[in-house]
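>>> Quick one, structure for this:
(chains A, B, C, D and E, ligands or ions: 4)
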Amino acid sequence: MTETQTAAEAVATTRPALLEARDLHVEFSSRGRRARAVDGVNLAIGQGEIVALVGESGCGKTTLARTLLGLERPTSGEVRYDGDPLSYTSKALKAYRRQVQLVLQDPTGSLNPRHTVYEAVAEGPRIHGLRDEQDVVSTALSHAGLRPPDRFFLRYPHELSGGQRQRVVIAGALALDPKVLIADEPVASLDASVRGEILALLLRLRAELGLSALVVTHDLGLAWNIADRVAVMYLGRIVESGPVEQVLTAPRHPYTQALMSVLPESPERVVLTGEPPDPTRIPGGCRFHARCQVLASGKAAEAGVDGRCRTQLLDILPATAEAQAACYYAETVGQ
Amino acid sequence: MTSVSAARRRLALSRFWAEYRQHRGGMIGLIVLVAAVLLALVAPLFISEDVTSVVEGVGEKWAAPSLSEPFGTDESGRSILLMVWWGSRTSLLIGFLAALLSIVIGLVFGVAAGHFRGWLGAALMRITDWFLVLPSLVTALVLAAILGGSTFTIIMAIGITTWPSTARLIRAQTLAVEARPYIERSKALGAGHWHITTRHVLPNVAPLLLASTTLEVASAIVTESTLAFLGASSNKTSWGTMLRASYDFGAATQGAWWYILIPGLAILVVVMAFTLVGRALEAVLNPRLRRAA
Amino acid sequence: QDPAAGKKVFRVGATQAMDSMNPFLAVRLVSTSIHRWMYGYLTVPDSKTLQPSPDLAESWTTSEDGLTWTFKIRTAKWSDGQPVTAEDAAWTFNKMMTDEAAKTANGPAVENFESVTASGQDLTIKLKAPQASMLENPVPIMPKHAWESVTDMANYDAEKYPTVSSGPYIAVEHKKDQYVKLQANPNYWRGKPKIDELQVIFYDNPQAAIAGLKKGDIDLLGRMTPQEFEAIQNDPNIEAWNTQGRRAAYLQVNHGATTTDDKAVGDGHPALKDVKVRQALHYAIDKQKLVDEVQNGLAKPADGSIVPPMYKDFFWEATGEEKVSYDPAKANQILDDAGYKKGADGIRTMPDGDRKLEFRFTIHTETPIEDKLAEYLTAFFKEVGITLTTVKLESSKFTEETGVTGNFDIAISGWSVNPDPEEVMATHLCSRRPAPGGEGGGTESFFCDDTFEKLYQDQLKELDRPKRIDLLKQMQERLYTQAPIIAIYYTNDLEGYRKDRVTSITPIPEDKGLLYGGSGYWPFYTVDVKATAAASGSTGGGSNTGIIAGIVGAVVVIGVGAFLLTRRRKSTADERE
Amino acid sequence: MSLLELDDVSVTYRIASGEVPAVRGVSLSLDAGAALGIAGESGSGKSTVAMALLRLLPRDARVGGRILLDGDDVLAMKWGRLRAVRWAEASIVFQGAQHGLNPVRRIGDQIAEPLLVHDLAKPDAARKRVAELLEQVGLPAWRARSYPHELSGGQRQRVMIAMALACSPRLIIADEPTTALDVMVQAQVLSLIKELVAEQGISLIMISHDLSVLADVCDQLAVMYAGRVVEHGPSGEVFHEARHPYSRALAAAFPTVGDPVSRMAPKGLGGDPPDPMHLPGGCSFHPRCPVVLDECSSIDVELWPAGDGRRAACVRVRETEDAS
Amino acid sequence: MTTPLEAAEPAAVQAAGPGDERPTSRGTLRYALSKGGGALFSIAMVLVGTFFVFRLLPGDPVRNLAQGRNMTPAQLDLERRRLGLDKPLLDQFIDFVGDTLRLDLGTSYEYKRPVLDLIGERIGPTLLLAGTGLVIAVSLGIWQGTRAGWRHGTRFDRLSTGASLLLWSVPTFWLGLLLMMVFGVGIGPIPGIFPFRGIESVDAPDGFAYVLDVASHMVLPCLTLVAVVYAQYLLVMRSSLMEEVSQDYVTVAKAKGLRDDEVRRRHAVPNALLPTVTLVFMRVGFVVGGAVTVETIYTWPGLGQLFYEAISVPDFTLMQGTFLLITVAVIVMNTLADVVYHLLDPRVRSA
Ligand SMILES: Nc1ncnc2c1ncn2[C@@H]1O[C@H](COP(=O)(O)OP(=O)(O)OP(=O)(O)O)[C@@H](O)[C@H]1O
Ligand SMILES: Nc1ncnc2c1ncn2[C@@H]1O[C@H](COP(=O)(O)OP(=O)(O)OP(=O)(O)O)[C@@H](O)[C@H]1O
Ligand SMILES: [Mg+2]
Ligand SMILES: [Mg+2]
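Ligands and ions are numbered 1, 2, ... in the order given. Take a look at the predicted model:
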């Protein structure tokens, strides 16, 4: 941890955390077993910061995002907003939801096909009883890049292109003037050509409105495109986090390394074998050890950490801005 | 802006209409149905309850259809034509009210069972399932027999025995709607149960409900006639009670085929019309079926 | 191969099925009829006069005080060869007196019995009180030797064949809800019936029964409605049998229902307490029109009371001043005079208040004829400023409201009268009113009239038939003038039988009497039919149609199969995407 | 001679409200053993082309042009011949593995089915072959007895690939075999396909909207826009230095991690995708084109040669080529 | 006809059955047990419901039992005690449940015999009629539905769908009456060749001729039942098949080079059959309703007729007994259908 801090990082560390997850656990019971979808997460999003959360399917990204929004109640741990723990009374939740907003993967599904653009954007203001509804809607739409806004008021979602729909969804979130935007795979279902546009919009919103964002994705390219910081999640835990430049150019956790390696342009491909992760059966020791290529290749044994990898539980990474990895091997070798 | 949105709504309606018009069966059904309902509504302008009165029946008894009496007369010399006309009021009324009852119960149960997860939804579903397996005609008969066969009880009996299928349909639709991401989005915007069910779920199940209602009316009319025929109804003149009377007074052995045929055909035509309209509506409104078709 | 070939089989249709083969339990009309044909009774109505005449009791004597009756039982044999003795009769009655379950069917018949004893062929019955109708005892005498072993009478279904009988027929087979087969009893004391077999075939659906008669599936069908009767009237193969019947139809008027302790019950309209109003109602009814329109002319307007004219001896008819004939003007007059003024809407009100004369008319559900009747009465009463609304009740509720709770104004009623009218008269006694606890006694009118009571008591003791007849007629007159009930018509007995099958049948009474609907077994004892030819007629029809149906079935199967095959071949040929 | 040749293929769907020209004059060819990638945004007609190759389009689609498979016109074939061609010579791996497998039959039976249908094996031999195939795609042989729902998405996609290999066809058409799959699984499936093509000499047509993926697997790339091929050429060249502005936008959409140019600078293409029922006149791309010229709205573009073995449908390309 | 909705409703929605959120999540045994538990619960609810509904009866049960005959207060009291009607409601309920569990359904008012005996006598003919009708209706419906759904829009489809809609709209009793008039009684040139009363002739022959005799008696009632019932099976099968036809695996099967009818027979039909057949058996209640009407019209000595008689007398113990039996049978059938479906469909059966 001796690298020089980048500009963004410097800003991030000085900024107080706006939205924070503290030792968050979320469990479901599925098939009569407990699925620990989120299994101890510390994560902080600072004012005006864009954090990318990456990881493979089923690792708990969406669950974490939903829990941060108060749509799911944690089994233990807490969500804090602006320093205060989140209260789950319906009144408090309603107030909270003016501050933190959600953008989903599928803009087509996120819009009620029977509501016009205006109604879709006005839904939030109506729920919260905001005045000057039409102004609010117009402003939100222009912020989202749909200009002039009144041209779109009466359109139905099916009359819009995919990118426009996602902009409407974003406008719907902006209408409540939130501080944080949580976007769950916001571009995964969009055409490649419009993907960049939406990402650019997120960047612009941060610049113009000072919005913070948590972007959930499995696309490392996206993180590279827009995020300040990235958190890599595996089986309910964050296994590596830090500034994008640091984590994505020099990944320290074997799992991050594997994720990087399957990008088409990467020279050497590490395809992980073994069963895909199952949150009802989280292995002991390091939760990644069963699929860990470093352990399998014997490098961990060389470093003398293989025993700990298999048996000893790792600590939960703290919610700091510095680059950090939950890996015995990385700890040992990195020092 | 309201005028614009009204125009949009009109446009949507006309689009729906254009699509509906493609269904020949549905169009035929709609014409028949509108005609039947109109005729029933205007009946009091032309005739009165007297046509069903035996005291007023002055015609020849058991008269076969003729020019003056196109559908013949019954055992008391009443005109079958006029009785069928007047009887349509009772039959349609029972059909509509029973369907309405069934739809209202079905809607409340269906939406609630679909919306509220956990024990409430599960309990509602159990109740629905329980009612669903009850053999409906048998149950309706028992209810009518126990509560007496007034119009009100017949409506109750039919409504109570038919709502579960509506509830299931609505619940399935509610579940489908609630699985849509826009519900999640709405929740994230801070919406409560009431907002979600009234703003998102209801408008989405409404079209299906319309289709389902027409089918329910059809089935209620048939059930009413069956109950009347099995003697569980002590209604005023309806098509079912007419058939019952034709049976009681031995139209078959009298060779008075018109007395059996006409009310039966009236039921058949109207029920068929409702069914055709319901199916056409369903085909237009239910995307699942639309995809298959 | 046809088991029926060469036999004389007579098939009777019935629109009711047997409720039980056990005469102690059976209450349905069809069951009591069949038991009439199977078992001997003490007496049987005479085929000409309908007076009690010897059946199993050859003769009888009565003590002075009328309390002890001695019957001499005929020397006859049960169908299994055992002799019929007074023991059998005594066992039957004693069983009913001691076993609650055995009372189910005919309990009241032994209510007045003090004791029943037998010695040899002599049966002695001691009564608690005199009873002139003693000779009308409706209890079949059962074979003690075959029935003694039955312990649980309530659950005994008596499905043992052939039955041990002493009547003209023996039941040999009973398929529940399908048919009962009876065979001629060779040991019958009057001699074996002319036919070999009597079948009673049940139809759920009266229309099917009519169709069956027309088609020849059955030879005789009784208890038809006027409309059903019209349907067979013009059939060349059917003898339409239309005679005066046993039934009187009347309106029961709630003239102030009370219980046995004279406390008022129910919610009857106060105006009906006024005999004038009741009489006005009587004047307002056009009975002839009712007969014509409701009964298709197949009834007789009632100018008497509850005994139908068929019973010539007991029948009483009003004449002269007393006679009430249709006269709405007079009805209006009576009501005007009594102070029931018409309001602006043409409806009358009570003299001392503003309660309108709005009556309810209670009828049964599922009786289309009563519906019609109600419509006519409504129209008639409207003429005299009285509103009538129809209330339909399902039968048990009907019985309760019109016989116990008194929650009615006017109700439809009727009674099929036995040759002796004592029982129907008794239904209008004070004692028949419900007890204070609400237990019904079976009143038909809540009537409680001193004159009537006295006449009843007198006739009970009067063993001289002409004098007793006179007393009974006076009772009818009293009912007529007091109008707790208003007789409207006597329905005809409507039956039909196949002329081409039945060669002779004697009605009861022999002069223009009844067949199926009659009392006793006479028509069925005397009936004679053509023998069934081998494999012809409709009896063989079953197997004929069976073959036809079988062939049709085979054709359908082959057809469908062939169709499927051709479709398959075609579909391979014109395969598309 | 090339294995597959598409000559001016067009497909029009008839729907209630009119006709949808989904594919408009596509000409492509594929040599035996080669791999062709087709890219393009949603609705550009990629799947329609794939389905047309085996005449699997629904009844309301009208197909024009010629599709020569080994010199035989697929569109003119008799039914018997077409059935023989299907799967035995060309097989398809469909978009969305979830639905391509019959949910109530064991996967072994489903893999063996084409073998039996085409009389290529007796049941016993078929069973052995199924085990072999499963092995080939990296699944244990006992999986043959599983039902589709018992497998993960990646495993199902492997089964689909095993099925496509069953009759040792000469051509495999893979329609977005990896969309909706997880990154890790996507990588597994892609390397499997790459391996198979390389080892068994099977020709491959692969469809995707991710140019980088295609560039990785295929020799040749065709980019479709609004039912037309707008650029065609060797994959590396098309990906790295696309000539058509649309292809360029597509290529830029997926940044290279570590490349400072794209850091905090996502690139995209403005405007809306075209509605196939109301295509703009002239070059159908001109409303969204960042380098549009006046003539673009009127001129009829076609695939002009754009260098060595490359073609592109852009006026600017023609101009530069003409100039050079 | 009761609920035309079912057929129009997409089969899959129905077929998934209760708890369709995560159907894959339980083992078959667990599933069967939970279904069985559910059925027991339903039956318990039926018992409770029946008890209370029948306590709503008009009039005094003892008086109903007496059927208007003259009984002394003492007799009535005795009867009341015998029936346990003097006890508090809860005790009565416990007695009722106990009796019912011991299969003691009480004594018929009308027949003075144990209800269970009466039911026992009637169940055979009903099974014969409804069973035969069901088999014919199901095979006919499925066969026609398959043809219609596979080639929907063709003339066969339009004809059979039209015909089934027509039959669907016909009240059962009316059709029965018409058939009776035409083929039983005979009309004009059509002779009335089929018997229309009962299950056999009074003088039924023995042996094979007896079978033919019964068969001939079955023609009209069966025809009526089939005509009304098969329509919905046709429609369900049709829509279910149409649903399958648009699935991708059907296209894959075509791409594999299967012949059209192979695709249909091997893939589409078996998949469409699963939900359809289950639905068919879930709808036994409908057949029961049809049976009541048909048996009444044709004097068929089955349960339906017994039930109808009980209603028209009315004989409340008999009504209650038959109602209980019919309902429980329907619930059991439903549960069986559910479990069998679960067994047959690997999608919902857990690995
Ligand atoms: N409501 C729920 N009930 C039971 N299990 C659930 C529920 N929601 C999620 N899970 C389980 O929790 C785990 C994490 O799910 P989650 O949706 O958060 O993953 P994800 O990282 O978003 O995956 P993807 O990239 O596929 O969206 C999964 O194994 C999932 O099966
Ligand atoms: N059966 C059909 N009926 C009518 N139009 C259709 C049909 N199938 C496809 N289309 C239309 O044809 C066009 C091309 O569709 P196609 O499925 O080939 O696109 P695609 O390139 O495969 O898109 P994606 O990337 O979304 O799979 C689209 O506009 C689509 O709406
Ligand atoms: Mg997710
Ligand atoms: Mg596609």
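
>>> and the closest residue to chain A within chain D, how far is that from residue A:297?
Each residue of chain D has a distance to chain A, by CB to the nearest CB, and the smallest belongs to residue D:268, at 2.5 Å. Every C-beta, even on glycine, is put in place using the N, C-alpha and C of the backbone. For residue D:268, the distance to residue A:297 under the criterion CB to CB, to the nearest Å works out to 40 Å.

>>> Mind checking which of these two has more residues around it?
Shown here are residue D:268 and residue A:297; by other CB atoms under 10 Å in any protein chain shown, residue D:268 has more neighbours (22 against 12).

>>> so the residue lying closest to that one once chain neighbours are set aside, which of the three states?
For residue D:268, the nearest residue in space outside its immediate sequence neighbours is residue A:196; the separation is 2.5 Å by CB to CB, 6 or more residues apart in numbering or on different chains. Three-state call for residue A:196 (DSSP: H, G, I helix; E, B strand; the rest coil): helix.

>>> distance of residue A:58 from residue D:152?
With distances taken as CB to CB, residue A:58 is found 10 Å from residue D:152.

>>> what does residue D:165 give?
For residue D:165, the distance to residue D:152 under the criterion CB to CB works out to 20 Å.

>>> Pick out whichever of those two has more residues nearby.
A direct count of neighbours by other CB under 10 Å for residue D:165 and residue D:152 places residue D:165 higher, at 21 against 16.

>>> and whatever residue of chain C ends up closest to chain B, what pLDDT?
When CB to the nearest CB is the measure, chain C has its nearest residue to chain B at residue C:231, with 3.8 Å between them. The predicted local distance difference test score for residue C:231 is 82.

>>> ok, now the one 4 residues further on?
The predicted local distance difference test score for residue C:235 is 86.

>>> residues touching it, list them.
Neighbouring residues of residue C:235 by CB atoms under 8 Å, 6 or more residues apart in numbering or on different chains: C:214, C:496.

>>> for residue E:105, same thing?
Listed by CB under 8 Å, 6+ apart, the contact partners of residue E:105 are E:99, E:114-116, E:119, E:317, E:320-321, E:324-325.

>>> what about whichever residue of the stretch 201-335 of chain A sits closest to chain C, how many residues close to it?
The nearest approach of the stretch 201-335 of chain A to chain C comes at residue A:264, 37.6 Å away (CB to the nearest CB). Counted with other CB under 10 Å, residues neighbouring residue A:264 total 19.

>>> in the one helix or strand the residue of chain C closest to chain B maps to, what's buried?
In this structure, residue C:231 sits in helix C:226-233 according to DSSP states H and E. In terms of neighbour count (16 or more other CB atoms under 10 Å in any protein chain shown), helix C:226-233 has its buried residues at C:226-232.

>>> quick one, phi psi at the residue in chain A that ligand 2 sits nearest to?
Closest approach of chain A to ligand 2 (CB to the nearest ligand atom) occurs at residue A:191, with a separation of 8.1 Å. Residue A:191 has phi and psi values of phi -70, psi 150 when expressed as degrees, to the nearest 10.

>>> Verify the contact between it and residue D:42 for me.
Yes. At 5.3 Å, residue A:191 and residue D:42 qualify as touching, with contact defined as CB atoms under 8 Å.
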